[in-house]
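Colleague: Structure, please.
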Amino acid sequence: MNAKQRSARASKMSKKWLGLRSRLWPEVEADDLWSRKKHDGFTTVPRTMPYVLRIMDDLADKGKPVSNVYLSLWCRAFDESMLEVRSMEQLAFESGFSGQRAVSTWKQRMRKLEELRFISSKAGASGEFNFVLIYNPHKIIGDLQEASIQEGKLTALYARALEVGASDLTSED
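Modeller: Next comes the predicted model:
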């Protein structure tokens, strides 16, 4: 499918969903909803992200989930898949950590994400995680599929990827 065909299909789907939404919720105005086309402060998230996050947590140490840290990083990255960490305290908070050990817990989870190869970091003026590169999670999971990923979750991820047209789950793609 070329870009023009994708655009036409997206426009058709948008009209379909807008029509259904106005039928189901006639009282709702467009201003009552958040739109990435009208508001700043958005990021693109793969439709498979819920599956990716669950698999990440399975790959992490038991009782030490990494998905909230990853999602916080993802929400700060731009299209270059990179971000600058200016405040570890703020990222720790966003990731759900508080108290005296918030930053050290966040750093532990960052190291685990790096060990699993979902991210790479470089030290700088703000500390050991000053700059962070976020790799394509589909590629990493494709590379790790022989690891201890539960078969049911991997199958669910593949099924969802097929459903949304994501074809980047294996290292051969």
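
Colleague: what are the phi and psi angles of residue 82?
Modeller: phi -140, psi 150 (degrees, to the nearest 10).

Colleague: Tell me the pLDDT of it.
Modeller: The model reports residue 82 with a pLDDT of 96.

Colleague: List the single closest residue to it in space, sequence neighbours excluded.
Modeller: In this structure, residue 82 finds its nearest non-sequential neighbour in residue 133, 5.2 Å apart by CB to CB, 6 or more residues apart in numbering. Bear in mind the C-beta positions are built from the backbone N, C-alpha and C, glycine included.

Colleague: So in terms of bridging, what pairs with that neighbour?
Modeller: Going by DSSP bridges, residue 133 is paired in beta bridges with residue 82, residue 120.

Colleague: For it, which residues are in contact?
Modeller: Contacts for residue 133 (CB atoms under 8 Å, 6 or more residues apart in numbering) come out as 81-82, 119-121.

Colleague: With respect to residue 36, which of the residues you listed is nearest?
Modeller: Set against residue 36, the nearest of the contacts of residue 133 by CB to CB is residue 81 (18.3 Å).

Colleague: Next, the closest one: phi, psi?
Modeller: phi 60, psi 30.

Colleague: and if you look at residue 100?
Modeller: phi -60, psi -30.

Colleague: ok, how many other residues are close to residue 115?
Modeller: Using other CB atoms under 10 Å, residue 115 has 13 other residues around it.

Colleague: What of residue 57?
Modeller: Residue 57, neighbours per other CB under 10 Å, totals 18.

Colleague: just residue 114 next, same as before
Modeller: 15.

Colleague: For it, give me its contacts.
Modeller: Contacts of residue 114 (CB under 8 Å, 6+ apart): 120-121.

Colleague: Just the element for it, please.
Modeller: Using DSSP states H and E, residue 114 maps to helix 102-115.

Colleague: centre of the chain versus that helix, how much separation?
Modeller: Distance of helix 102-115 from the chain centroid (CA atoms, centre = their mean, to the nearest Å) equals 17 Å.

Colleague: With stretch 48-60 instead?
Modeller: For stretch 48-60 - counting by CA atoms, centre = their mean - the centre lies 10 Å from the chain centre.
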